[in-house]
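Colleague: got a predicted structure plus its sequence, pasted below:
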Amino acid sequence: MNKSYKEAGVDKEEGYRSVSLMKEHAAKTAGENVLGGLGSFASLYAMPRMNEPVLVSGTDGVGTKLEIALKYGSYSTIGIDCFAMCANDILCHGAKPLFFLDYIACGRLEAETAAEIVKGISDACLEADCSLVGGETAEMPGFYKTGDYDVAGFCVGAVERNEIVDGSKVQKGDILLGIESSGIHSNGFSLIRMLFHDMEGNFEGKPLYRSLLEPTRIYVNPVLKLLREVEIRGMAHITGGGLPENLPRTIPRGLVAAVDKSSVPVPAVFRHIQGQGVDEEEMWNTFNMGAGFVLVIPENDLGKAVELLKNEGLGAFPIGRVENAGSAPAAEREKRFCFV
């Protein structure tokens with residue numbers, strides 16, 4: 001009796017159909033630097049004209065936020081999350097995203113579902129003027145259950161060597177400028193899934209899961225524009241671990257990021273989560289709490305930065321400043337972070 005790959009759970013024809021559906025979304029993002037299209041063994045991208053380009057790369061996934069999207073059949077936003085998590089990370093060094101590749105793994109491939117996820121990635125790439133140049137869709141029956149999908153991605157950008165932002169210029173007295181998040185973004189969902197078993201209940205006039213699935217904000221274009229107008233000495237993408245874990249990554253030794261919690265406008269969704277029995281410290285050490293991205297800038301640039309970000313449709317608010325670590329307790333000196 002002849003055996004087949006399809007009998008083992010891998011439908012090659014469905015795979016070909018999914019690629020066909022994905023191609024139109026990827027094609028929308030192809031700029032003049034993309035050489036060739038989908039379907040080759042690798043993607044080709046011509047470097048833009050720069051004096052001394054440094055490539056900056058980052059990879060990430062959507063995490064267990066996916067479980068909520070899959071449960072409620074809402075696939076349109078998780079591709080945005082996947083791109084945003086990677087692009088916002090490389091933005092922290094002043095890099096403009098150039099191209100992106102995705103990886104989608106599943107138990108049984110459904111072409112329309114995979115294409116909807118890729119459409120979200122494509123939409124996000126278009127927002128950031130980045131090219132979706134390829135990816136991989138892996139059908140893995142027996143490893144993933146039917147209906148399960150995992151989504152990850154890889155972003156490559158570039159920055160001029162003399163324009164790299166790495167925190168080395170951060171000084172005492174610099175302002176920590178928070179930029180509003182769009183909600184929870186893509187971190188802390190293992191805790192959220194433990195707290196909420198029914199996510200269809202009403203929250204602010206709609207099912208809770210819709211608020212939970214609000215996609216991660218893409219900060220690329222507004223921040224790159226701001227870089228041309230003000231001096232940005234450090235940047236932090238506030239992901240897992242919240243402000244205490246991420247902000248110190250751009251603060252040099254000998255200094256601490258001193259943050260005033262009361263200066264952060266905390267969205268209602270975080271208060272709703274906290275109301276399920278999560279203490280204050282755990283909240284701030286898990287979620288972005290409303291500040292999805294933080295800039296470290298000179299005090300005299302504060303007004304201009306807030307106004308420029310407002311013109312880009314983003315709320316921005318000073319959340320603290322950089323202080324000398326000398327007088328701080330030893331633990332805070334080591335962490336380069338404290339709440340005041």
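Modeller: It's in.
Colleague: contacts only, for the residue nearest to residue 161 when sequence neighbours are not counted.
Modeller: Nearest residue to residue 161 in three dimensions, chain neighbours excluded: residue 52, at 4.3 Å (Cβ to Cβ, 6 or more residues apart in numbering). All C-beta atoms are positioned from the backbone trio N, CA, C, and that covers glycine. Residues near residue 52 by Cβ atoms under 8 Å, 6 or more residues apart in numbering: 160-162.
Colleague: let's see which of those end up in helices.
Modeller: Secondary structure from DSSP state H places none of these in helices.
Colleague: gap between the residue nearest to residue 161 and residue 74?
Modeller: 44 Å (Cβ to Cβ, to the nearest Å).
Colleague: all strands of the stretch 101-250 of the chain, in order?
Modeller: Assigned by DSSP state E, counting those that start in this stretch, the strands in the stretch 101-250 of the chain fall at 131-139, 149-160, 175-180, 202-203, 206-207, 234-237.
Colleague: for those, which one sits closest to residue 118?
Modeller: strand 131-139 (7.5 Å; Cβ to Cβ).
Colleague: list the buried ones in the closest one?
Modeller: Using 16 or more other Cβ atoms under 10 Å as the test for burial, strand 131-139 gives 131-135, 137, 139.
Colleague: pretty sure residue 10 sits against residue 137.
Modeller: No. Look at residue 10 against residue 137 with Cβ atoms under 8 Å: they stay out of range, at 11.1 Å.
Colleague: out of the contacts of residue 52, who's the most crowded?
Modeller: residue 160 (13 neighbours; other Cβ atoms under 10 Å).
Colleague: tell me the pLDDT at that residue?
Modeller: pLDDT, residue 160: 98.
Colleague: assess the claim that it and residue 48 are in contact.
Modeller: No. Between residue 160 and residue 48 there is no contact, the gap being 10.8 Å when judged by Cβ under 8 Å.
Colleague: about what we covered before: how near is the residue nearest to residue 161 to residue 173?
Modeller: For residue 52, the distance to residue 173 (Cβ to Cβ) stands at 31 Å.
Colleague: ok, residue 313 next?
Modeller: From residue 313 to residue 173 the distance is 29 Å (Cβ to Cβ).
Colleague: tell me the contacts of residue 93?
Modeller: Applying Cβ under 8 Å, 6+ apart, the residues contacting residue 93 are 56, 159, 164-166, 235.
Colleague: would you mind saying which of the strands of the stretch 101-250 of the chain lies nearest residue 115?
Modeller: The nearest among the strands of the stretch 101-250 of the chain, by Cβ to Cβ, is strand 131-139 at 10.0 Å.
Colleague: got the CA positions of the closest one in PDB?
Modeller: Output of strand 131-139 as PDB, limited to C-alpha atoms (Å, rounded to 0.1, in the frame of the first residue of the first chain):
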ATOM      1  CA  SER A 131       9.800  45.200   2.700                       C
ATOM      2  CA  LEU A 132       8.400  41.800   3.500                       C
ATOM      3  CA  VAL A 133      10.900  39.800   1.400                       C
ATOM      4  CA  GLY A 134      10.100  36.200   2.400                       C
ATOM      5  CA  GLY A 135       9.500  33.700   5.100                       C
ATOM      6  CA  GLU A 136       8.700  30.100   6.000                       C
ATOM      7  CA  THR A 137       5.500  28.200   6.600                       C
ATOM      8  CA  ALA A 138       6.000  24.900   8.400                       C
ATOM      9  CA  GLU A 139       3.200  22.400   8.700                       C
END
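Colleague: A helix includes residue 309, no?
Modeller: Yes. Assessed with DSSP: H, G, I helix; E, B strand; the rest coil, residue 309 lies in a helix.
Colleague: residue contacts, it?
Modeller: 179, 222, 226, 315-316.
Colleague: domain parsing for the chain?
Modeller: 12-163, 175-339 (automatic domain parsing).
Colleague: right, and those domains - which one's nearest residue 6?
Modeller: Of the domains of the chain, nearest to residue 6 by Cβ to Cβ is domain 12-163, at 7.1 Å.
Colleague: and stretch 223-232, what's buried?
Modeller: Here stretch 223-232 shows 223-224, 226-227, 230, 232 as buried, counting by 16+ other Cβ under 10 Å.
Colleague: typed the wrong thing, it's stretch 41-49
Modeller: 43, 45.
Colleague: what does that stretch contact?
Modeller: Under Cβ under 8 Å, 6+ apart, the answer for stretch 41-49 is 32-36, 53, 98-99, 101, 131, 133-134, 156, 158.
Colleague: that one - what's its average pLDDT?
Modeller: On average, stretch 41-49 scores 92.
Colleague: so, low pLDDT: which residues of the protein?
Modeller: 1-4, 7-8, 327 (pLDDT under 70).
Colleague: for it, what spans make up the helices?
Modeller: So, for the chain - with DSSP H - the helices run 12-27, 65-71, 78-91, 111-127, 189-195, 208-212, 220-227, 242-246, 268-274, 280-284, 302-311, 330-335.
Colleague: list the helices and strands the third one packs on?
Modeller: Translated: helix 78-91. strand 53-61, helix 65-71, strand 96-106, helix 111-127, strand 149-160, helix 220-227, strand 234-237 (3 or more Cβ pairs under 8 Å, 6 or more residues apart in numbering; DSSP states H and E).
Colleague: thank you, goodbye.
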